[in-house]
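Engineer: coords please:
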Amino acid sequence: MEKIKTTLLNILGLGKIETQKVKISKSLICGITLSLISYNNANAQLTATGQIRTRTEMRAGQGTLQKLSDNHALFTSQRSRLNLGFTGYRFKVFTALQDVRVWGQDASSINRTTTEANNGVMLHEAWAEVMLNDTISSIQNLSLKVGRQEIAYDDQKVLGGLDWLQQGRRHDAIVLKFANKGWIADVGAAFNQNKELPAGTVYNGIPTAYGAGTNGIGTMYKSFQYAYIDKKFFFGDLSFLYFKDDFNKYTSVTSGVPAVTTITSGTGVWSRNTTGIYFNTTIKRKLNLTGSAYYQGGHDKDGRSIKANLASITSTLQVGRKLFVGPGVDYLSGDDGTKTVTASSDNNRFDPLYGTPHKFWGGMDYFYAASGFGKQGLLNYFFKAKYNMKDNLTFLLEVHGFEAANKLSNGTGGTRDSYLGTELDFIVKYNLTKMVNFEAGYSIMKATNSMASAQVKNVTTPDLSPQFAYVTLNIKPNFLAKK
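Structural biologist: Here you go, the predicted model:
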């Protein structure tokens, strides 16, 4: 107690007075100590939140066309997350532990000798951010964010958190972040290994749990480097993105009788470069326009030279206080379906990297999600409407017309009609409270024979009117919130 008293007296400049035998009561010392502790706690912040999200889905051809004789699928999946964050002096830390499972995939009572094959527990995020500028700096923010984290920019067309998927998307990366006077500039990098190695950096790119990438790519990048710059203007904002992802080189050798193909990972990488801009502007407070244009070059994961591009524009007009409507169009280049693809032929198929396909190309996830649809590119003509009936009740309607952006082969030397189908998506969102909300959706596709062709998806006697429906309960508690 005497040491604490002496220290506090020195801090308060009362050391000399104490030497003059001024008595300080123990209660005063304790009060000052508690005040200092309270001051320190006020400058640090602990957050503890969670999420329970259940989604019951009825699939009747969602994601891929099925046969007329196939039965519908019905299941419930659940995401359970626990998020813990702490902000201290010049640093932040955050972790998100999640479990993703389908109801019933695990036994209700597990024998001790049973090996759990459906382990959905994973660390979704775990990062630390260190503030490099002090409190008196004129720069708004200069920080270094290190660890497992979501990386999302702009409308999340090419880089996004993919929140629709129960498991989401995250990256093990390091990002240098800058923000000041309307400018944002991030520079990031990642470098992957399968495990600790005594030598070498060979990476097979095969994840142990969920599929990697978009468009059914199935292979993780070996590394990536990117730069993102955004500037906010009085009319909106404009951003630039350069993203390079690298894939470990490999060789494929076929030999023996019967023939066996052996794939051997080698040294070096094939690098893919994606460069583009995004804009978001509002005209006279009623009309919002967003658009983007990207070019993709370099080499794909199989070493083919890439020459591909994406262009998109979306309009949203506010009609009255509650209704928002607007058309838009997306163009993603693709391969010519009438030509044979070889190792030396160019790849003209734009891959939307690590974005959020569900948000843009239909709720049934036919394009640029997990399947091979879209290899001939895509033209997506769409019209969207949102009606806010109440503060806590919203209706959304989307109509999509899908067309291949390149030629489709009919298998006999000719071409097929490029139109693939029309999709209707209807969604209802209702917020019971700030932490409890419901969402329900229904989608139906009127597919064409071209969509069911061998060039797009080879299905005998396909169901050309696939449907999809879901109901979601989403609870996101804040454990430290005041009542």
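Engineer: Output the below-cut-off pLDDT ranges for this structure.
Structural biologist: 1-44, 109-119, 207-216, 255-256, 259-262, 370-372, 454-455, 457, 483 (pLDDT under 70).
Engineer: How is it partitioned into domains?
Structural biologist: Domain ranges of the chain: 1-42, 45-106+116-475, per automatic domain parsing.
Engineer: Grab the nearest non-local neighbour of Asp391.
Structural biologist: Excluding the flanking residues, the one nearest Asp391 by Cβ to Cβ, 6 or more residues apart in numbering is Asn431, at 8.0 Å. The way it works is simple: take the backbone N, C-alpha and C, and place the C-beta from them, glycine included.
Engineer: so who does that neighbour touch?
Structural biologist: 391-393, 437 (Cβ atoms under 8 Å, 6 or more residues apart in numbering).
Engineer: re the thing from before, redo the domains of the chain as TSV? Include distance to Ala481.
Structural biologist: Formatted as TSV, the domains of the chain follow (distance: least, Cβ to Cβ, whole Å):
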stretch	distance to Ala481
domain 1-42	17
domain 45-106+116-475	8
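Engineer: immediately after the longest strand along the chain, which helix or strand?
Structural biologist: The residue-count maximum for a strand in the chain (DSSP state E) belongs to strand 260-283. As assigned by DSSP states H and E, the chain's next helix or strand after strand 260-283 is strand 287-298.
Engineer: That next one - contacts with which helices or strands?
Structural biologist: strand 260-283, strand 308-319 (3 or more Cβ pairs under 8 Å, 6 or more residues apart in numbering; DSSP states H and E).
Engineer: gap between the residue nearest the centre of the chain and Arg169?
Structural biologist: Residue closest to the average C-alpha location in the chain (Cα atoms, centre = their mean): Gly161, at 1.9 Å. Separation of Gly161 from Arg169 (Cβ to Cβ, to the nearest Å): 6 Å.
Engineer: do the same with Asn406
Structural biologist: Asn406 sits 28 Å away from Arg169, taking Cβ to Cβ as the criterion.
Engineer: Give the intersection of the neighbour lists for Gly161 and Arg169.
Structural biologist: Glu150.
Engineer: Run through the strands of the stretch 101-250 of the chain in chain order.
Structural biologist: 121-131, 141-149, 171-180, 183-191, 223-233, 236-255 (DSSP state E, counting those that start in this stretch).
Engineer: can you list those in a markdown table and add distance to Asn478?
Structural biologist: Shown next, in a markdown table, are the strands of the stretch 101-250 of the chain (distance: least, Cβ to Cβ, whole Å):
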| stretch | distance to Asn478 |
| --- | --- |
| strand 121-131 | 17 |
| strand 141-149 | 21 |
| strand 171-180 | 25 |
| strand 183-191 | 27 |
| strand 223-233 | 29 |
| strand 236-255 | 30 |
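Engineer: Reformat those strands as JSON lines; add distance to Lys301 and mean neighbour count.
Structural biologist: Below are the strands of the stretch 101-250 of the chain laid out as JSON lines (distance: least, Cβ to Cβ, whole Å; neighbours: other Cβ atoms under 10 Å):
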{"stretch": "strand 121-131", "distance to Lys301": "24", "mean neighbour count": "17"}
{"stretch": "strand 141-149", "distance to Lys301": "23", "mean neighbour count": "17"}
{"stretch": "strand 171-180", "distance to Lys301": "17", "mean neighbour count": "17"}
{"stretch": "strand 183-191", "distance to Lys301": "16", "mean neighbour count": "16"}
{"stretch": "strand 223-233", "distance to Lys301": "13", "mean neighbour count": "17"}
{"stretch": "strand 236-255", "distance to Lys301": "4", "mean neighbour count": "16"}
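Engineer: before we move on, the earlier item: can you put the helices and strands packed on strand 287-298 in TSV and add distance to Gly363 and mean neighbour count?
Structural biologist: Converted to TSV, the helices and strands packed on strand 287-298 look like this (distance: least, Cβ to Cβ, whole Å; neighbours: other Cβ under 10 Å):
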stretch	distance to Gly363	mean neighbour count
strand 260-283	23	15
strand 308-319	16	17
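Engineer: Make JSON lines from these and add distance to Ile206 to it.
Structural biologist: Putting these into JSON lines (distance: least, Cβ to Cβ, whole Å) gives the following:
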{"stretch": "strand 260-283", "distance to Ile206": "10"}
{"stretch": "strand 308-319", "distance to Ile206": "24"}
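Engineer: who wins for proximity to Leu480 among those?
Structural biologist: strand 260-283 (33.8 Å; Cβ to Cβ).
Engineer: Check the offset of the closest one from the chain's centre.
Structural biologist: Here the centre of strand 260-283 is set off from its chain's centre by 16 Å, with Cα atoms, centre = their mean, to the nearest Å.
Engineer: Dump that strand to CSV, restricted to CA.
Structural biologist: C-alpha atoms of strand 260-283 as CSV (Å, rounded to 0.1, in the frame of the first residue of the first chain):
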residue,chain,number,x,y,z
VAL,A,260,-3.0,-43.4,-65.3
THR,A,261,-2.6,-39.6,-65.0
THR,A,262,-0.1,-38.4,-62.4
ILE,A,263,-0.1,-34.7,-61.3
THR,A,264,3.1,-33.4,-59.8
SER,A,265,3.5,-29.9,-58.3
GLY,A,266,6.5,-28.0,-59.4
THR,A,267,8.3,-24.8,-58.6
GLY,A,268,7.0,-21.4,-59.6
VAL,A,269,3.6,-20.0,-60.1
TRP,A,270,1.1,-18.9,-62.8
SER,A,271,-0.1,-15.4,-62.1
ARG,A,272,-3.5,-13.9,-62.9
ASN,A,273,-3.9,-10.1,-62.9
THR,A,274,-7.2,-8.4,-62.5
THR,A,275,-7.4,-4.6,-62.9
GLY,A,276,-10.5,-2.3,-62.8
ILE,A,277,-12.5,0.6,-61.6
TYR,A,278,-15.8,1.0,-59.7
PHE,A,279,-18.0,4.1,-59.3
ASN,A,280,-21.0,5.0,-57.2
THR,A,281,-22.9,8.2,-57.8
THR,A,282,-26.2,9.8,-56.9
ILE,A,283,-27.9,12.3,-59.2
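Engineer: Can you list the helices and strands that that strand packs against?
Structural biologist: strand 236-255, strand 287-298.
Engineer: and of those, who's closest to Ser333?
Structural biologist: With Cβ to Cβ, the closest approach to Ser333 among the helices and strands packed on strand 260-283 belongs to strand 287-298: 8.5 Å.
Engineer: What are the contacting residues of the closest one?
Structural biologist: 154-155, 157-158, 241, 244, 270-283, 305-318, 326, 350-351.
Engineer: ok, which stretches of the protein are helices?
Structural biologist: With DSSP state H as the criterion, the chain has helices at 2-12, 15-19, 26-42, 357-360.
Engineer: Report the distance from the last one to the chain centre.
Structural biologist: Spelled out, that is helix 357-360. The mean C-alpha position of helix 357-360 is separated from the chain mean by 10 Å, Cα atoms, centre = their mean.
Engineer: CA atoms only for that helix, dumped as PDB, please.
Structural biologist: Extracted C-alpha coordinates of helix 357-360, given in PDB (Å, rounded to 0.1, in the frame of the first residue of the first chain):
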ATOM      1  CA  PRO A 357     -22.100 -14.300 -57.000                       C
ATOM      2  CA  HIS A 358     -25.400 -14.900 -55.200                       C
ATOM      3  CA  LYS A 359     -25.800 -11.100 -54.900                       C
ATOM      4  CA  PHE A 360     -25.600 -10.400 -58.600                       C
END
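Engineer: follow-up on the earlier one: just put the helices and strands packed on strand 260-283 in TSV and tack on distance to Phe383.
Structural biologist: As requested, the helices and strands packed on strand 260-283 are exported to TSV (distance: least, Cβ to Cβ, whole Å):
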stretch	distance to Phe383
strand 236-255	22
strand 287-298	15
